[in-house]
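**Q** starting from these lines, generate the structure:
(chains A, B, C and D)
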2 protein chains.
Amino acid sequence: MHDVRLSPTRRRNTFEVGQMTAEVKPAALQLTERQEARRRRILHSSARLASRGGFDAVQMREVAENSGVALGTLYRYFPSKVHLLVATMQDQLQHMHETLRKRPPTEEEPAARVAQTLMRAFRALQREPHLADAMVRALTFADRSVSPEVDTVSRLTTAIILDAMGLAEAPTAEQLSAVRVIEHTWHSALITWLSGRASIAQVKIDIETVCRLIDLTAPAPGR
Amino acid sequence: MHDVRLSPTRRRNTFEVGQMTAEVKPAALQLTERQEARRRRILHSSARLASRGGFDAVQMREVAENSGVALGTLYRYFPSKVHLLVATMQDQLQHMHETLRKRPPTEEEPAARVAQTLMRAFRALQREPHLADAMVRALTFADRSVSPEVDTVSRLTTAIILDAMGLAEAPTAEQLSAVRVIEHTWHSALITWLSGRASIAQVKIDIETVCRLIDLTAPAPGR
DNA sequence: TGCGTTAGTGAAACTTGTTCTAGATAAACG
DNA sequence: CGTTTATCTAGAACAAGTTTCACTAACGCA
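**A** Purely as a prediction, here's the structure:
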């Protein structure tokens, strides 16, 4: 039939064919065990190659070979290199979220808690700078065809920050804006660090600076 | 001799050869008239192609052809596609800076002035969304080999913001931090808009939100 | 002005992301 | 089971960024 992809996303410039039999689930279709295993192997190879040499070191042929899968299959699972790396990031973020949940920030003030959390994440990234490079570059380079996946990453990041603020539920619109700006700063500061234009100390200052925005926002709905 | 480039920057993974005769200026070496003209033609073609179809539409062979220059020459002037697009951005930013100088923001408060200025710039970008796409994607995708050029862009942006704040000279360290965060937000918000994950209204809110940081910083040295 | 050096040209080659094709396998299903 | 259909494989083919090479043109200077 009409070449249905595993991933719910379509490719770059292809227009929707619209041909979709009724029972196809728009969300992630469930995979067989072997398929789940393949997917996992691919993500693992991707992360391994990335932590060696960053974005450039993740070569699709090599990922395919290392995960024991044909090139065509790799592309069926992840329709582009950027998709693959963004998915890798999703994966890593999930780990980080769980880790952070286990040891919530110790600071009192929300702003300080967020800053502490982000600095923890930052230190984790510093341990694998190449991996960080691959993931963050992919994330900011992603075009519209990757929007759903990038959005997922964004939601995960937002959740982490809201957790740190101590209000996973019922944030005000104002607070959400602040969180969005914090996220912007986080990504962009990482970029400047990764490309050697800002020091670790600099990133720390930027994070702390932007976190001051939190103090400006309503403490809660019911101020 | 040892292949000296026009551009002061070296290529991707090459290490400095260190062989540099004393009289070579580290800054932009001066070009002859014909060379200056070539450079200009190249940047012009680049911008034209970019405004057609964004990052992907800027193809090195086509840029070379359109500017009447051999491919090898193009690479001598701009050692990679990203270098070329970042230089294009420098060029555009310079224009914008001049334009903004002529009509400074009308608002009273520094924060509002900066927000107004950035929204003006944003509207200019909206007129050429593809061009914006090419430039911003190149900027955030740039690796270490492009750091000097990206830094120039960053300095230009900083200058624009400081101008809007009304203190081109003697900003405090705190104020510089705020400006840096504003710049982060600016770039990242543009990215989310360009990739269709945020609306124009959303970008406006983010800009206004981050500009509130300015109110938090010392009004001047001599508070 | 002549000459050695640097810059520019044209074309081919190389690299890596992406696509395509034909055939082998596995899954689903009657 | 046997058949039909979706996946997977191997490998070629294609596209665009980048490099290389052999050669010519332009420049700078003694």
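
**Q** check contacts around residue A:140.
**A** By C-beta atoms under 8 Å, 6 or more residues apart in numbering or on different chains, residue A:140 lies in contact with A:187, A:191, B:137, B:140-141, B:188, B:191. C-beta coordinates here come from the backbone N, C-alpha and C atoms, glycine included.

**Q** kindly reformat the residues you listed as CSV containing distance to residue B:150, pLDDT and secondary structure.
**A** Shown next, in CSV, are those (distance: C-beta to C-beta, whole Å; pLDDT from 0 to 100; DSSP: H, G, I helix; E, B strand; the rest coil):
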residue, distance to residue B:150, pLDDT, secondary structure
A:187, 15, 98, helix
A:191, 9, 97, helix
B:137, 13, 97, helix
B:140, 9, 95, helix
B:141, 10, 97, helix
B:188, 15, 98, helix
B:191, 15, 97, helix
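
**Q** closest to DNA strand D out of the residues you listed?
**A** residue B:141 (10.4 Å; C-beta to the nearest atom of the strand).

**Q** do I have it right that the closest one meets residue A:139?
**A** No: Residue B:141 is beyond contact range of residue A:139, at 10.6 Å (criterion: C-beta atoms under 8 Å).

**Q** re the thing from before, CSV please, covering the contacts of residue A:140 and showing distance to DNA strand C.
**A** Output for those, formatted as CSV (distance: C-beta to the nearest atom of the strand, whole Å):
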residue, distance to DNA strand C
A:187, 21
A:191, 20
B:137, 14
B:140, 17
B:141, 13
B:188, 23
B:191, 18
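
**Q** ok, so of the residues you listed, who is nearest residue A:145?
**A** residue B:137 (13.4 Å; C-beta to C-beta).

**Q** and the closest one, how many neighbours?
**A** Using other C-beta atoms under 10 Å in any protein chain shown, residue B:137 has 24 neighbouring residues.

**Q** run through the residues that contact the residue lying closest to it once chain neighbours are set aside.
**A** Nearest residue to residue B:137 in three dimensions, chain neighbours excluded: residue B:55, at 4.8 Å (C-beta to C-beta, 6 or more residues apart in numbering or on different chains). The contact partners of residue B:55, by C-beta under 8 Å, 6+ apart, come to A:143, B:85, B:133-134, B:137-138.

**Q** per-residue confidence for residue B:55?
**A** pLDDT for residue B:55: 98.

**Q** tell me if the helix or strand hosting it is near DNA strand C.
**A** Following DSSP states H and E, one finds residue B:55 within helix B:33-57. Yes: using C-beta under 7 Å from any atom of the strand, we find that helix B:33-57 touches DNA strand C at B:34-35, B:38.

**Q** could I get the buried residue list for that helix?
**A** If you call a residue buried by 16 or more other C-beta atoms under 10 Å in any protein chain shown, then helix B:33-57 has these buried ones: B:38-39, B:42-43, B:45-47, B:49-51, B:54-55.

**Q** could you point out which element follows that helix?
**A** Following helix B:33-57 toward the C-terminus (DSSP H and E): helix B:60-66.

**Q** now the helix or strand just after that next one, how far from the chain's geometric center?
**A** Next along the chain after helix B:60-66, taking DSSP H and E as the criterion, comes helix B:71-77. Here helix B:71-77 is found 21 Å from its chain centre; the criterion is C-alpha atoms, centre = their mean, to the nearest Å.
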